[in-house]
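Peer 1: No sequence on hand, only this structure:
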């Protein structure tokens, strides 16, 4: 309960440890700012927004007339619920120096940052700012790490652990000798927090099972639903299914087999290029490997009843995972933020994932090498999807396809300390010098879309112009 005694203690609280925000608001306070501060305080695990008090020490009560009637106060509380979808309590304190209004903001849900008008907010000094990548990363990791540490099986015997987990492949992936004793195997797994010893026996964690299970359904139906599913269609739509297969093994031990299966299922495609003249699959294996690894690592494990999906059509392959990314799709090339850092770290040590941020670069590079349209990354209401297209002639590419390819090409060069030019983009599309004007139109359209900009440090001549991504 908030009382005048509570307020007197708050007035003396040092700034660096407070979960408090003070505003004078003598007459009225801006409603939008109130909503923003409620979001920021909720993101900081809850707190109190106090009106009628100076915000600098020594703090003094100056009184506030903001929402001073019972009707106004009830109206703003209802408006907060309507706009922010959570309840904020309001308490009026009649201090000798004036009325003080306190909004009590609840904490955000575990693992879920809150946004207002598309921006995750936090406080920085006296200002509201967007959350930094490291803060967002730590929030997204909260509940995911809890899921990984939960037991997939409890009270298991040493023989159960060896029977349920492919420990042989675990050591092979790490390129270290298999221990000479069972106890040494268990000790190694425990040191990596994959199993835990209790009085009743061994606990196999969700992290261990999702990586090393010989059969996921040997643990639980819920864990079995996390297995990736591959659906192959006959044409460009879902009308006729040729194959529908769901994996049964843990991600680490089944990964190479999964990639091989998807790659072998792709139809052959005639690929003509100066360096390579041979029959190849429509979808390059390197790109498939990176997209599948990316989907497995970045999925939201708290979403139930769904899994990573790999859907192959005659003209494209779509790899999707449950969950919405914490960064915009335009920044997939140069930024990296995993909601499952623990899983990502182990997958990197197994050699399945690349170094941070390099996976999408490899996908785009493969698309350019194999003369494919630029991959497309799409965010839906509950899933994130990467689309890899089969070969398409330049003349058949839409304006959107060409703009996306131009932007991705510009990003790819920038992250390797190079710059895009008319010439490099012509080479990406395999166009001759006589088609420089066509490429100039694509560059112009991409600039109009605010995806690239001219590198002002280079020549101002149009012919020798160099270009940067919009975020550079």
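Peer 2: The structure has been received and is ready for your questions. Just so it is clear, the model here is predicted, and its values are computed rather than measured.
Peer 1: Look at residue 63 and tell me its secondary structure.
Peer 2: Residue 63 falls in the coil class when you classify it by DSSP: H, G, I helix; E, B strand; the rest coil.
Peer 1: ugh, wrong one, I meant residue 352
Peer 2: With three-state DSSP as the criterion, residue 352 reads coil.
Peer 1: burial measure for the spatially closest residue to residue 58 that is not a sequence neighbour, as a count.
Peer 2: Spatial nearest neighbour of residue 58, excluding adjacent residues (Cβ to Cβ, 6 or more residues apart in numbering): residue 11 at 7.8 Å. C-beta coordinates here come from the backbone N, C-alpha and C atoms, glycine included. Using other Cβ atoms under 10 Å, residue 11 has 16 neighbouring residues.
Peer 1: surely residue 11 meets residue 53?
Peer 2: Yes - here residue 11 reaches residue 53: they are 7.0 Å apart, a contact under Cβ atoms under 8 Å.
Peer 1: Residue 471 touches residue 334, doesn't it?
Peer 2: Yes - counting by Cβ under 8 Å, residue 334 is a contact partner of residue 471 at 7.4 Å.
Peer 1: that older thread, what sits in contact with each of residue 11 and residue 53?
Peer 2: Residues touching both residue 11 and residue 53 (Cβ atoms under 8 Å, 6 or more residues apart in numbering): 59, 60, 61.
Peer 1: Give me the phi and psi for the residue nearest to residue 58.
Peer 2: phi -60, psi -20 (degrees, to the nearest 10).
Peer 1: how far away is it from residue 55?
Peer 2: Using Cβ to Cβ, to the nearest Å, we find residue 11 at a distance of 11 Å from residue 55.
Peer 1: which of the residues in stretch 228-242 are buried?
Peer 2: 228, 230, 231, 232, 233 (16 or more other Cβ atoms under 10 Å).
Peer 1: which one of these sits closest to residue 137?
Peer 2: Nearest to residue 137 out of the buried residues of stretch 228-242 is residue 228 (Cβ to Cβ; 24.5 Å).
Peer 1: Skip the chain neighbours and tell me the closest residue to that closest one.
Peer 2: Nearest to residue 228 is residue 308, by Cβ to Cβ, 6+ apart, at 4.2 Å.
Peer 1: Confirm for me that the one you found is in contact with residue 299.
Peer 2: Yes - the pair residue 308 / residue 299 is scored as a contact, 5.9 Å apart, by Cβ under 8 Å.
Peer 1: anything in contact with each of these two?
Peer 2: 321, 322.
Peer 1: Residue 53 pairs with what?
Peer 2: residue 61 (DSSP bridges).
Peer 1: residue closest to the middle of this structure?
Peer 2: The residue lying closest to the centre of the chain (Cα atoms, centre = their mean) is residue 325, at 2.9 Å.
Peer 1: Just read off the phi/psi values of that one.
Peer 2: phi -70, psi 150.
Peer 1: quick one: the helix or strand where residue 197 lies to chain centroid distance?
Peer 2: If you go by DSSP states H and E, residue 197 is part of strand 195-198. From the chain centre to the centre of strand 195-198 is a distance of 31 Å (Cα atoms, centre = their mean, to the nearest Å).
Peer 1: Tell me the gap between the helix or strand following that strand and the middle of its chain.
Peer 2: The first helix or strand that comes after strand 195-198 along the chain, using DSSP H and E, is strand 201-205. Offset of strand 201-205 from its chain centre (Cα atoms, centre = their mean): 30 Å.
Peer 1: same thing with stretch 108-124?
Peer 2: Offset of stretch 108-124 from its chain centre (Cα atoms, centre = their mean): 15 Å.
Peer 1: Equivalent analysis for stretch 54-66, please.
Peer 2: The answer for stretch 54-66 is 41 Å, by Cα atoms, centre = their mean.
Peer 1: start to end distance for it?
Peer 2: 15 Å (Cα to Cα, to the nearest Å).
Peer 1: May I see the buried residues of it?
Peer 2: Residues of stretch 54-66 classed as buried under the neighbour-count rule (16+ other Cβ under 10 Å) are 59, 61, 62, 63, 64, 65, 66.
Peer 1: Relative to residue 217, which of the residues you listed is nearest.
Peer 2: Using Cβ to Cβ, residue 66 comes nearest to residue 217 of these, at 58.2 Å.
Peer 1: which intervals of the stretch 251-400 of the chain have sub-threshold pLDDT?
Peer 2: For the stretch 251-400 of the chain, the stretches with pLDDT under 70 are 269-280, 336-337, 354-358.
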